[in-house]
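Asker: Got a predicted model here, sequence first, then my questions.
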Amino acid sequence: MNILLWILLGALAGWLASVFMKSNNGMLGDIVLGVVGAFVGGYVMNFFNKTGVTGFNIYSILVATLGAVVIIFIGRLFRN
């Protein structure tokens, strides 16, 4: 059940990031971006001495979305 919640959190965060960044990566791409974004967002927040992803809550969705936005931004830098 826990892995299903992580996939749901990743999907939601990836979708929010793709809406914010006006990106179209498809449903599977959004899920992958969200899950990777959760790790990246946690690392970025730890860099600023804040907690990363703590569970299935609003704060964790925001952290994962932040990470997914960073991933989309870096991806656009390498594509252009």
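Answerer: Okay, I see it. Residues are numbered from 1 along each chain as shown.
Asker: burial measure for Met45, as a count.
Answerer: Met45 is flanked by 18 other residues according to other C-beta atoms under 10 Å. To be clear about C-beta, it is placed using only N, CA and C from the backbone, and glycine gets the same treatment.
Asker: hang on, isn't it packed against Thr51?
Answerer: Yes. The pair Met45 and Thr51 qualifies as a contact (C-beta atoms under 8 Å) at a distance of 6.4 Å.
Asker: and Asn24, what is it in contact with?
Answerer: Contacts of Asn24 were listed using C-beta atoms under 8 Å, 6 or more residues apart in numbering, and they are Ser18.
Asker: Looking at it now. What's its pLDDT?
Answerer: Asn24 carries a pLDDT value of 74.
Asker: what's the answer for Asn2, then?
Answerer: 68.
Asker: so where does the closest residue to Gly67 other than its chain neighbours fall, helix or strand?
Answerer: Spatial nearest neighbour of Gly67, chain neighbours left out: Gly41 (2.8 Å); criterion: C-beta to C-beta, 6 or more residues apart in numbering. Using DSSP states H and E, Gly41 maps to helix 26-47.
Asker: hmm, back to that, quick one: the residue nearest to Gly67 and Val53, what's the gap?
Answerer: 7 Å (C-beta to C-beta, to the nearest Å).
Asker: who's in contact with the helix holding Gly41?
Answerer: With C-beta under 8 Å, 6+ apart as the criterion, helix 26-47 contacts 6-7, 9-15, 17-18, 25, 51-53, 60, 63-72.
Asker: Would you quantify the distance from the residue nearest to Gly67 to Phe78?
Answerer: Counting by C-beta to C-beta, the gap from Gly41 to Phe78 is 19 Å.
Asker: Understood, closing this out.
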